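> attaching a predicted model along with its sequence, questions to come.
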Amino acid sequence: MLSAFRSALATPDLRKKILFTLAIVAVYRIGATIPAPGISYGAVQACSSQAQQEGVYQLLNLFSGGALLQLSLFSTGIMPYITASIIIQLLTVVIPRFEELKKEGQSGQGKLTQYTRYLTVALAILQATGVVALADRKQLFPDCQSPIIPDNSVYSLAIIVITMTAGTAVMMWLGELITERGVGNGMSVLIFLNIAARIPVEGGNILSNAGGLGLAIVCVFGLVIIASVIFVEQGQRRIPVQYAKRMIGRRMYGGTSTYLPIKVNQAGVIPVIFASSLLYLPDLISRLVGDQNSNSGWQVFIKNYIVNQSSWVHIALYFGLIIFFTYFYITITFNVDERAEEMKKFGGFIPGIRPGRPTAEYLSFVLGRITLPGSLYLGIIAILPNFFLSVTGSGNNQNFPFGGTAVLIMVGVGLDTVKQIESQLMQRNYEGFLK
């Protein structure tokens, strides 16, 4: 692997891509540390540590690389883009116009990308408004005495919201630059970077709370979890597909054998994001519409059972939602009828299965069988941090950096980036990362 890195750096155009990606990464991290105009930097630094234990901020703070609780230029993070991409992808199944654009190829995909950008900006405005409102009402940092926003006039708050929204647009632009001129998928690289930026901080928290032995135990379990995730992420069911021979003019086409790969984790990390967002929604609503010092029954229930990540109610809901969204997302994105029709159209068939409806039923059967272990795998990985609360000595599972959404995204992005570099090395007759 080290020789492959040397080969990559020795190739001029590939070295230029890697250096360009690192430069964009540096610019992005600088923007994540610069506070937005109108924010009291000293008050944020003094008050941000206690808010890191609040579960409602965990997902947003994860995808922003800690920029959310710093109220920086990139506070909204990449979450609006992720949400917009998921919404557009789901709407392609519901809206016929979007489905037509998806089938048009590169031109249609360009229009869908443009719609994703517009929706990202709209969601960024909503998220930035919510963050600024929580900060202004002292609910982002409940125990903070110093004012986070000294000037809370409408004009000042609007400037902060506009700046954070512009930061999201800049992040989209930086991600597209990495995709076009760098290495890997730009948005995925930025998400990977945000999560990786939190590991040293969380490692320091574990060291201070549980000591050196606790940190060593967490690191060993982390390596085991990462190895297991890599093993499962690479697993797939290969359904053999045979293409019949066809005579077109004077040439014979077809007669080849290939396979249709169905991954064990066909849904990726999307079900975990859906489940996390849905679980944090009640707490966010209670913060916006109610008083945090209130002892009303529904607020107490949300705080003790829904938000409390060591509660068995929270764990059971989280696990059940992940399984539900796994089946839901795969059903939406993997249309067995379309796959069977495409195979029939091009003369393909599964050996022993008749084309058409029988093929669709067989694909549905296989997909249902392989989705069950995939959903259980996602659920187990996601709830693993809850069982390490005693080891980390924390009341919040975000201090365990090798579970849930973080490890799934880091491993997935890492594997994809390595494969892209390897493919470019193989084109230049180098050995690559995998022998």
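Sure thing, it's come through. Residues are numbered from 1 along each chain as shown.
> buried residues in the helix or strand Ala316 falls within?
Element membership of Ala316, judged by DSSP states H and E, is helix 312-333. Neighbour-count burial for helix 312-333, counted by 16 or more other C-beta atoms under 10 Å, picks out 314-315, 317-319, 321-323, 325-331. Any C-beta I mention is one placed from the backbone N, CA and C, and that applies to glycine too.
> can you list the residues that contact the helix or strand following that helix?
Downstream of helix 312-333, the next assigned helix or strand under DSSP H and E is helix 336-345. For helix 336-345, contacts defined as C-beta atoms under 8 Å, 6 or more residues apart in numbering pick out 241, 260, 348-350, 355-357, 359-361, 363-364, 367.
> and whichever helix or strand comes after helix 336-345, what does it pack onto?
Heading C-terminal from helix 336-345, the first helix or strand you meet, by DSSP H and E, is strand 348-349. On a contact count with 3 or more C-beta pairs under 8 Å, 6 or more residues apart in numbering; DSSP states H and E, strand 348-349 meets strand 236-243.
> just the residues contacting the strand it packs on, thanks.
By C-beta under 8 Å, 6+ apart, strand 236-243 touches 254-264, 343, 346-351, 363, 366, 370.
> just stretch 311-321 next, same as before
271, 274-276, 278-279, 304-309, 379, 382-383, 386.
> point out where the stretch 51-200 of the chain drops to low pLDDT.
51-67, 69, 139, 142-143 (pLDDT under 70).
> leaving out chain neighbours, which residue sits closest to Ala135?
Closest residue to Ala135 apart from its sequence neighbours, by C-beta to C-beta, 6 or more residues apart in numbering: Ile148 at 4.7 Å.
> just the buried subset of the contacts of stretch 311-321, please.
271, 274-276, 279, 306-309, 379, 382-383, 386.
> Throw those residues into a markdown table and include secondary structure and pLDDT, thanks.
Output for the buried ones among the contacts of stretch 311-321, formatted as a markdown table (DSSP: H, G, I helix; E, B strand; the rest coil; pLDDT from 0 to 100):
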| residue | secondary structure | pLDDT |
| --- | --- | --- |
| Pro271 | helix | 86 |
| Phe274 | helix | 81 |
| Ala275 | helix | 83 |
| Ser276 | helix | 78 |
| Leu279 | helix | 79 |
| Ile306 | helix | 72 |
| Val307 | helix | 70 |
| Asn308 | coil | 70 |
| Gln309 | coil | 70 |
| Gly379 | helix | 87 |
| Ala382 | helix | 82 |
| Ile383 | helix | 82 |
| Asn386 | helix | 67 |
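> and of those residues, the nearest to Thr113?
Minimum distance to Thr113 across the buried ones among the contacts of stretch 311-321 is 22.0 Å, recorded for Phe274 (C-beta to C-beta).
> now do that closest one against Val189, distance only.
Per C-beta to C-beta, to the nearest Å, Phe274 is found 23 Å from Val189.
> then Lys263?
21 Å.
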